[in-house]
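# just need the structure, nothing else, for what follows:
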Amino acid sequence: MAESLSIPDRIRDAINAHRQACDEPMAAFFYDLPALAAQGRALKAALPPGVELYYAIKANSEAAIIDTLAPIVDGLELSSGGEIERACACSTPRPWVLSGPGKLDSDMREAMMRGVEAFHVESLGEVERLQAIAASLDSHQPVLLRINPALPEAFSSRLRMAGTATPFGIDETQLSEAVQAVDAAPNLRLVGFHIHAMSHQACERRHQRLLATYLERWPHWRALASDPERVTQLNVGGGIGVNYLRPSEQFDWPGLCQALGQQLAAMPEPPRVRFEIGRFLSAFCGYYAIEVLDTKISHGEGFLVCRGGTHQFRLPAAQGHDHPVIHLPRDSQRAGEGERRPWTVVGQLCTPKDVLSRKQELSGVAVGDLLVLPLAGAYGYNISHADFLCHPRPEQRFVGDPLQEAPDGIGLCHARDARERHEGESKGQRPAEPLR
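I've put the predicted structure just below:
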């Protein structure tokens, strides 16, 4: 059940301390930096030789998050001028690339002047604009062409970025023309290809097959260049999903890395593969704590009206899911006491869409209690419409020293637990009840 989810002691202590300092009912985010660092180290350690890990800072670009991950990952992936500012302010300078459609000329110029490692080019028109800017600065820029390949429907996920009509990348049928355009640009140098086809990928085996299709096509793509020997990079993006509905069952990242390593080892001239992971790095470190303002029954359904809402934590509405909820009674001695019933958790907004979670089974919830929503470290506050209704913005607290001890990757621990349950089922053992 949701109430069996745990909160690390340092986060619980930080929530309690913040609450005592608040004059008003609280709504705030708390980020476990040691857990974030542990997740980064675990993802990095699982990579096979010749594979790199970049952090896509769009998932959470707060300075403390970037500063925690920068010493661990190989670099950063950025998609705007604002993200360039944040990355360049990082306490540990790291290589970075600029991606995304609709790049401004001013952003591309700023990126060149600040030492961008490479550009991910999205269109033929962008090749032309990038060449003009590079020539004006007498700069010679490495580029990767982003490909929108044809893909079987079986590879689909909840959010498709390729294999269909999208604003992203260059259709595979136009790739030869795009390669020729880069080869003809005196200030640009083609070094590889970029593909980010799927987001919210939940199945390791499906993603393994997706990466295998890229590697099968790699020799053909590379051969299109006038100098194939200089084309060495294959950026496979990110898209690794987080299971918000069953937090104990997560994507099997070590399994994916093991399969990828075997595929690369079998290739005569493998590319240097790079992942750009956002959600699966930062999601597990975040907690959104909100105070119950009112309890009510409407047409037979129970509602917990809380400080905050989707204007601060848009993730559940954006994903279309009911987020897991942990109940922290104001009086800890009555934890688990009282009537148990389903509650729908809502915020303060004047819209019926301000719903964080529906029909959560909770016991003895009262006004003044706290509800904590875990898995709030990625695409939560930073994608929210925080100024709607002019409510105050939530505090963001960054807890702990990244060098503190923490489990070796929360998401990877859950993936291991899921594998053990699966193995237990195959041996006739009864599986543990999944968390909801």
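
# how many other residues sit next to the nearest residue to D183 once chain neighbours are set aside?
Distances taken as Cβ to Cβ, 6 or more residues apart in numbering put S226 closest to D183, at 4.6 Å, once the chain neighbours are dropped. (Glycine included, C-beta is placed from N, CA and C.) S226: 12 surrounding residues under other Cβ atoms under 10 Å.

# output the below-cut-off pLDDT ranges for the stretch 101-250 of the chain.
152-168 (pLDDT under 70).

# mind jotting down where the helices sit in it?
Assigned by DSSP state H, counting those that start in this stretch, the stretch 101-250 of the chain shows helices spanning 105-113, 124-136, 175-183, 204-223.

# export the ones you listed to TSV and tack on mean neighbour count?
Formatted as TSV, those follow (neighbours: other Cβ atoms under 10 Å):
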stretch	mean neighbour count
helix 105-113	17
helix 124-136	17
helix 175-183	18
helix 204-223	17
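
# distance to R146 added to those, as JSON lines?
As requested, the helices of the stretch 101-250 of the chain are exported to JSON lines (distance: least, Cβ to Cβ, whole Å):
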{"stretch": "helix 105-113", "distance to R146": "15"}
{"stretch": "helix 124-136", "distance to R146": "9"}
{"stretch": "helix 175-183", "distance to R146": "9"}
{"stretch": "helix 204-223", "distance to R146": "12"}
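
# quick one: closest of those helices to M198.
helix 204-223 (6.8 Å; Cβ to Cβ).

# just give me how far that closest one sits from the chain centre.
22 Å (Cα atoms, centre = their mean, to the nearest Å).

# now swap in stretch 358-366 and tell me
29 Å.

# all further residue positions should be reported with the first residue as 42.
Fine by me, first position is 42 from now on; the one you just mentioned is stretch 399-407.

# now do the buried residues in it.
Using 16 or more other Cβ atoms under 10 Å as the test for burial, stretch 399-407 gives R399, Q401, L403, S404, G405, V406.

# give me the beta-bridge partners of the third one?
Yep, that's L403 we're talking about. R382 (DSSP bridges).

# in three-state terms, label L430 for me.
helix (DSSP: H, G, I helix; E, B strand; the rest coil).

# which residue sits closest to it in space, ignoring its chain neighbours?
L390 (6.0 Å).

# on that earlier part again, ok, now how distant is the residue nearest to D224 from E245?
Distance, S267 to E245, by Cβ to Cβ, to the nearest Å: 37 Å.

# swap in V366?
27 Å.

# with A130 instead?
Going from A130 to E245 by Cβ to Cβ gives 35 Å.

# which residues does the residue most central in space within the chain contact?
Central residue of the chain (Cα atoms, centre = their mean): R320, 1.3 Å from the mean position. R320 makes contact with A100, G279, I281, G282, V283, A419, Y420, according to Cβ atoms under 8 Å, 6 or more residues apart in numbering.

# 7 Å instead?
A100, I281, V283, A419, Y420 (Cβ atoms under 7 Å, 6 or more residues apart in numbering).

# could you find the closest non-adjacent residue to it?
Using Cβ to Cβ, 6+ apart, the nearest residue to R320 is A419, at 4.3 Å.

# count the residues that sit near that neighbour.
With other Cβ under 10 Å as criterion, A419 counts 25.

# show the contacting residues for it.
Residues in contact with A419 (Cβ under 7 Å, 6+ apart) are A100, N101, G319, R320, S323, A324.

# am I right that it sits in a helix?
No - using three-state DSSP, the secondary structure at A419 is coil, not a helix.

# any idea how far E118 is from it?
Taking Cβ to Cβ, one finds A419 at 14 Å from E118.

# P312 too?
For P312, the distance to E118 - Cβ to Cβ - is 17 Å.

# the two: who's more crowded?
E118 (29 against 23).

# that one against L139, yeah?
No - with contact defined as Cβ atoms under 7 Å, E118 does not count as touching L139 (8.3 Å).

# residues near F70, how many?
Residues near F70, counting by other Cβ under 10 Å: 23.

# surely it meets Y329?
Yes - using Cβ under 7 Å, F70 makes contact with Y329 at a distance of 5.5 Å.

# any residues in contact with both of these two?
A417.

# just to revisit the earlier point, the residue nearest to D224 against A222, yeah?
No - using Cβ under 7 Å, S267 makes no contact with A222, being 11.6 Å away.

# how is the chain divided into domains?
Listed domain ranges for the chain are 43-72+326-440, 136-318 (source: automatic domain parsing).

# quick check: mean pLDDT of the shortest one?
When pLDDT is averaged along domain 43-72+326-440, the result is 93.

# what about it, distance to the chain center?
Distance, centroid of domain 43-72+326-440 to centroid of chain: 21 Å (Cα atoms, centre = their mean).

# in the sheet, who's paired with the residue nearest to E103 when sequence neighbours are not counted?
Of all residues not flanking E103 in the chain, Q437 sits nearest, at 6.6 Å (Cβ to Cβ, 6+ apart). Taking DSSP bridges as the rule, Q437 bridges to F70.

# ok, Q437 to A104 distance?
10 Å.

# out of the two, which sits in the more crowded spot?
The neighbour comparison of Q437 against A104 (other Cβ under 10 Å) goes to Q437, with 16 against 12.

# tell me if I'm right that that one and H59 touch.
No - Q437 is not in contact with H59 according to Cβ under 7 Å; the separation is 10.7 Å.

# isn't G279 right up against R315?
No - between G279 and R315 there is no contact under Cβ under 7 Å: 10.2 Å.
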